[in-house]
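J.: pasting the sequence and the predicted coordinates here, then a few questions.
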Amino acid sequence: AQTVTQSQPEMSVQEAETVTLSCTYDTSENNYYLFWYKQPPSRQMILVIRQEAYKQQNATENRFSVNFQKAAKSFSLKISDSQLGDTAMYFCAFMKHTTSGTYKYIFGTGTRLKVLA
Amino acid sequence: NAGVMQNPRHLVRRRGQEARLRCSPMKGHSHVYWYRQLPEEGLKFMVYLQKENIIDESGMPKERFSAEFPKEGPSILRIQQVVRGDSAAYFCASSPQPTVMNTEAFFGQGTRLTVV
């Protein structure tokens, strides 16, 4: 069974600084997808960034980038130039797509990030 | 193009009552997923439905919980005889037919159920 572990329940960062959120996962699969979702106080789940396991290049999306280490099963999120609006819960998620057309996300327990003015 | 719509946003039920949570997927999406989020925890998978068909219900409690996604209308998550431990946020996500190129499910804003 797949598991996702986020070992940092809470983190804080000064505005304009850089912060890295950790995520490790456990799977025996070779093809899968990894995601970071942001959940602000509104509770809306917002996709931040995704990574396909078959791609070696780390995904980037503006100020957000990942460090994907497939052999180590590690998938950390780096937020550069942190902004107050980045304050939220961040969830790491694993998803495997099957040929039968089924999939489901497995989520970590989240990291609460607070950006300080 | 409206996103995934869940209603109500907040639902209060007394112990023993029934709770009905509705989810209207995005236009063109035929797959719906329900997740439960307990306080200070991540989202836990409950059930995955296609129209008129339950694909995977491995995360659903064996009793009191049921889900449907009829040919017409929203998906419904029903909880009978609610107990305090059912208090949580329930999220719905939808997607089109999954393919290797299409991996994203879109989430609604959730329904917060409070059992008093």
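T.: Perfect, I can see it now. Small disclaimer: the values here were computed from a predicted structure and weren't measured.

J.: now do the residue nearest the centre of chain A, the pLDDT please.
T.: The C-alpha lying nearest the average C-alpha coordinate of chain A belongs to residue A:36 (Cα atoms, centre = their mean; 2.9 Å). On pLDDT, residue A:36 comes in at 96.

J.: quick check: bridge partners of the residue positioned nearest the centre of chain B?
T.: By Cα atoms, centre = their mean, chain B has its centre lying nearest to residue B:34, at 3.3 Å. Beta-bridge partners recorded for residue B:34 (DSSP bridges): residue B:47, residue B:92.

J.: just for chain B, where's the confidence low?
T.: B:1-2, B:98-103 (pLDDT under 70).

J.: one more pass at 90, please.
T.: The model of chain B has pLDDT under 90 over residues B:1-3, B:27-31, B:38-43, B:45, B:51, B:55-56, B:58, B:95-107.

J.: chain A contacts on that one?
T.: B:33, B:35, B:40-45, B:48, B:55-56, B:59, B:89, B:91, B:93, B:97-100, B:103-105, B:107, B:109-110, B:112 (Cβ under 8 Å from any Cβ of the partner chain). No exception for glycine: its C-beta is placed from N, CA and C like everyone else's.

J.: in strands, which of those residues fall?
T.: Using DSSP state E, the subset of the residues of chain B next to chain A located in strands is B:33, B:35, B:43-45, B:48, B:55-56, B:89, B:91, B:93, B:107, B:112.

J.: report the buried members of the residues you listed.
T.: Buried members of those, counted by 16 or more other Cβ atoms under 10 Å in any protein chain shown: B:33, B:35, B:43, B:45, B:48, B:55, B:56, B:89, B:91, B:93, B:107, B:112.

J.: wait, doesn't the first one sit right on residue B:45?
T.: Yes - using Cβ atoms under 8 Å, residue B:33 is in contact with residue B:45, at 7.1 Å.

J.: need the overlap of contacts for those two.
T.: The contact sets of residue B:33 and residue B:45 overlap at A:104, A:105 (Cβ atoms under 8 Å, 6 or more residues apart in numbering or on different chains).

J.: phi and psi next, for residue B:29.
T.: phi -90, psi 130 (degrees, to the nearest 10).

J.: in contact with the residue nearest to the centre of chain A, which residues?
T.: Contacts of residue A:36 (Cβ under 8 Å, 6+ apart): A:21, A:23, A:47-50, A:64, A:66, A:75, A:77, A:90-93.

J.: now, of those residues, which are buried?
T.: So, by 16+ other Cβ under 10 Å, the buried ones in the contacts of residue A:36 are A:21, A:23, A:48-50, A:64, A:66, A:75, A:77, A:90-93.

J.: do a quick rundown of the strands in chain A.
T.: Under DSSP E, chain A gives strands at A:3-5, A:10-14, A:19-21, A:24-26, A:33-39, A:46-52, A:60-61, A:64-69, A:74-79, A:88-95, A:105-107, A:111-116.

J.: which stretch in those has the least confidence?
T.: Among the strands of chain A, strand A:105-107 scores lowest, at a mean of 86.

J.: just checking, what packs against that strand?
T.: Counting contacts by 3 or more Cβ pairs under 8 Å, 6 or more residues apart in numbering or on different chains; DSSP states H and E, strand A:105-107 is packed against strand A:3-5, strand A:88-95, strand B:31-37, strand B:43-50.
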